[in-house]
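Visitor: Fold the following.
(2 chains)
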There are 2 protein chains.
Amino acid sequence: MKTLENGSIHLELDEVMPVVVDALKRAGCNDENAQAVATCIYEAERHGAHSHGLFRMPGYLASLKSGKVNGEASPKILTPKPSVLSVDGDGGYAPLAHRKLAKPLAGMAKTQGVAIAALTNTFHFAALWQETEMLAQEGVVGLACTSFKPALPPAGGSKPLYGTNPIAFSWPREGKEPLSFDQASAVMARGEVMIAAREGHALEPGVGIDENGNATTDPNEVLKGAMLPYGGYKGASIAMMVELLAGSLIGEHLSFEAAAQDNNDGGPPRGGEFILALDPAGGLASAEGLFAKMLEQNGTRLPGDGRRAKRSKVIADGIQIPVDLYEKITF
Amino acid sequence: MKTLENGSIHLELDEVMPVVVDALKRAGCNDENAQAVATCIYEAERHGAHSHGLFRMPGYLASLKSGKVNGEASPKILTPKPSVLSVDGDGGYAPLAHRKLAKPLAGMAKTQGVAIAALTNTFHFAALWQETEMLAQEGVVGLACTSFKPALPPAGGSKPLYGTNPIAFSWPREGKEPLSFDQASAVMARGEVMIAAREGHALEPGVGIDENGNATTDPNEVLKGAMLPYGGYKGASIAMMVELLAGSLIGEHLSFEAAAQDNNDGGPPRGGEFILALDPAGGLASAEGLFAKMLEQNGTRLPGDGRRAKRSKVIADGIQIPVDLYEKITF
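Guide: Numbering: from 1, shown residues only, chains lettered A, B, ... in the order given. The predicted structure is shown next:
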């Protein structure tokens, strides 16, 4: 760690894990939970996904300190039906549950052809590609979605009802890292809007509306009003489907229910996650044929490769964060 | 049937089934296949979805007459894994396979928690909500997707690679018709662009690009160039996922492979369909809570209700089609 001339704090990538593990433990995590959450934050920073990296630590810490999140959670896995893993997160952060469910879910998908994990009683505050990539690394196709607090209006409406409701999808590749996308149902991820608000940047038009339903490019107004789904009513359909799968179907809160019972301590509300795993059967060679066709066109790249291309720069340059963020983490 | 003053042909809704069944049989369908396809067309017309109704009949008939599609197909269902139905469409149109797989797939989903149907060796030329609503009527959640010939470029590219690749999703409701959406990964369904081309209407900006990659509102130029995915790269991700699920994973053609081997007789290319069925477990009451919240906002309606609201007008007014379309159907 060093303080830069601009007043920011500079960390080497290798410093992220120990700093984060230490902070999480001081806020109430046991080692197992701290390692799981810290790995998520480390991987986000390693891939240049700063909006899901250290930037989230004040929220993680606040919800441990308020007692909302169980830092000593021990997720429990049951099999209520032959192709369903029911995973009770024990009121903890989701990453430890992901570590525990990935292998059994992948194994179930290979045996059964398809399987789901219904993850409940958990707090999700990270990107989803890490859990779908865990599945892809076990040789199965992974799809995950989760809701959050209301941010997006239903089609035709103007008041937040759905969360930003991301979907992540990973496809396994022989001898290569998985193909992955992870996209919010909003035009822009909420974390990016929060960063724009913090840094005082205007948003592109079409990202959101203010609390009166009018278009605005001010991130603070959007955070008070509503974000907009990508692709108009079609993105709203996707967000609605995520509410139903990651809420109703698995027996967890919808976004509006999660917000109603949250203590607003700055961390995520209690919620669930729907995770689907599919045996790709003999389909890997066919998929490589598609990927080759994608890359034949100028200007294309495989989803996930843009993120991975940032690694070498992060490793070389390290990470800069504002001093007040560093102070919150090293409280 | 009567000829209107404007030269169009008017049909009562009740005339659709007999006219279509008769045409399909004369083109080579047995009764079982003819009834299944005709029901699809009837249901599309009944719901005002004309782009998937009688408008598609010349294509259906052409592919029967060319011998590409087997009008006497007898779909075969196997169970290669406990949660997978492998359905060989026997080279026929998809609707008969849908009728045969709906009950066993729903039953499997209830027992296993989740199940998929991998439908291969089939020809899909209809909207997908009919098969997902069949599943919802059996009490399970349905999601279906299929590819077609290349129409959409990959993210960053400008040449068609993915089909318009629709996804349909239906959620069951106690004592009510299912909630359903069915949306192409394109901004606009290809059938709608074809109708605009036929009727000489310009498209909204953003629907497509010409064969040089430039924006255009001319539907004929878009049909020669590329349609665009909804929501930019995020819609392209969805279209890519559909290629992988409805092609690679189930062991069927990708869109570019389907186009390469098609005889271009005007009907659909051979392809597959990925159909996911999920036990909603105890989630129906929670979903009704979401739907009530959606409807609290002015300007909203539940997905599927817009289509259903057209029924009474279609029943009252009947259907108008151009005389040349009528002549092709009653050849």
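Visitor: can you pull out the strands in chain A?
Guide: Counting by DSSP state E, one finds strands in chain A at the ranges A:2-3, A:9-11, A:76-81, A:84-93, A:114-123, A:141-146, A:167-173, A:176-183, A:208-209, A:215-216, A:226-227, A:270-278, A:319-321.
Visitor: okay, those in TSV with distance to chain B and mean pLDDT next?
Guide: Using the backbone N, CA and C atoms, a C-beta is placed for each residue, glycine as well. TSV is the format used below for these (distance: least, CB to the nearest CB, whole Å; pLDDT from 0 to 100):
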stretch	distance to chain B	mean pLDDT
strand A:2-3	37	94
strand A:9-11	31	97
strand A:76-81	3	98
strand A:84-93	3	98
strand A:114-123	5	98
strand A:141-146	7	98
strand A:167-173	5	98
strand A:176-183	4	97
strand A:208-209	13	96
strand A:215-216	16	94
strand A:226-227	11	96
strand A:270-278	6	98
strand A:319-321	26	96
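Visitor: Turn the ones you listed into CSV, including mean neighbour count.
Guide: As requested, the strands of chain A are arranged in CSV below (neighbours: other CB atoms under 10 Å in any protein chain shown):
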stretch, mean neighbour count
strand A:2-3, 10
strand A:9-11, 18
strand A:76-81, 14
strand A:84-93, 23
strand A:114-123, 26
strand A:141-146, 28
strand A:167-173, 24
strand A:176-183, 21
strand A:208-209, 24
strand A:215-216, 16
strand A:226-227, 26
strand A:270-278, 28
strand A:319-321, 17
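Visitor: The longest helix along chain A: how far from the chain's middle?
Guide: Longest helix of chain A, by residue count under DSSP state H: helix A:94-112. Relative to its chain's centre, helix A:94-112 lies at 17 Å (CA atoms, centre = their mean, to the nearest Å).
Visitor: What of stretch A:166-180?
Guide: With CA atoms, centre = their mean as the basis, stretch A:166-180 stands 15 Å off its chain's centre.
Visitor: Start and end of that stretch, how far apart?
Guide: 13 Å (CA to CA, to the nearest Å).
Visitor: With stretch A:150-167 instead?
Guide: Span of stretch A:150-167 from end to end, CA to CA: 16 Å.
Visitor: follow-up on the earlier one: tell me the buried residues in the longest helix of chain A?
Guide: Buried residues in helix A:94-112, counted by 16 or more other CB atoms under 10 Å in any protein chain shown: A:94-102, A:104-106, A:108-110, A:112.
Visitor: What residues of the one helix or strand in chain A whose mean pLDDT sits lowest count as buried?
Guide: Within chain A, no helix or strand scores below helix A:190-199, which has a mean of 86 by mean pLDDT, DSSP states H and E. For helix A:190-199, burial by neighbour count (16+ other CB under 10 Å) applies to A:190-194, A:196-197.
Visitor: near chain B, which of those show up?
Guide: Here nothing survives when the buried residues of helix A:190-199 are matched to chain B using CB under 8 Å from any CB of the partner chain.
Visitor: Out of these, which is nearest to chain B?
Guide: For these, the residue nearest chain B by CB to the nearest CB is A:E192; the value is 13.5 Å.
Visitor: Now for the closest one: which residues touch it?
Guide: If you count contacts by CB atoms under 8 Å, 6 or more residues apart in numbering or on different chains, A:E192 has them with A:S51.
Visitor: those helices in the stretch 201-331 of chain A, which residues are they?
Guide: Assigned helices in the stretch 201-331 of chain A, in chain order: A:219-224, A:233-243, A:255-261, A:284-296, A:305-308, A:311-317, A:323-329 (criterion: DSSP state H, counting those that start in this stretch).
Visitor: Kindly compare burial across those helices and name the winner.
Guide: helix A:233-243 (a mean of 26; mean count of other CB atoms under 10 Å in any protein chain shown).
Visitor: angle of that helix against strand A:176-183?
Guide: Helix A:233-243 and strand A:176-183 are oriented at 110 degrees to each other (axes from the mean of the first three to the mean of the last three CA atoms, to 10 degrees).
Visitor: looking only at pLDDT, what's the mean for helix A:233-243?
Guide: For helix A:233-243, mean pLDDT rounds to 98.
Visitor: Many thanks, have a good one.
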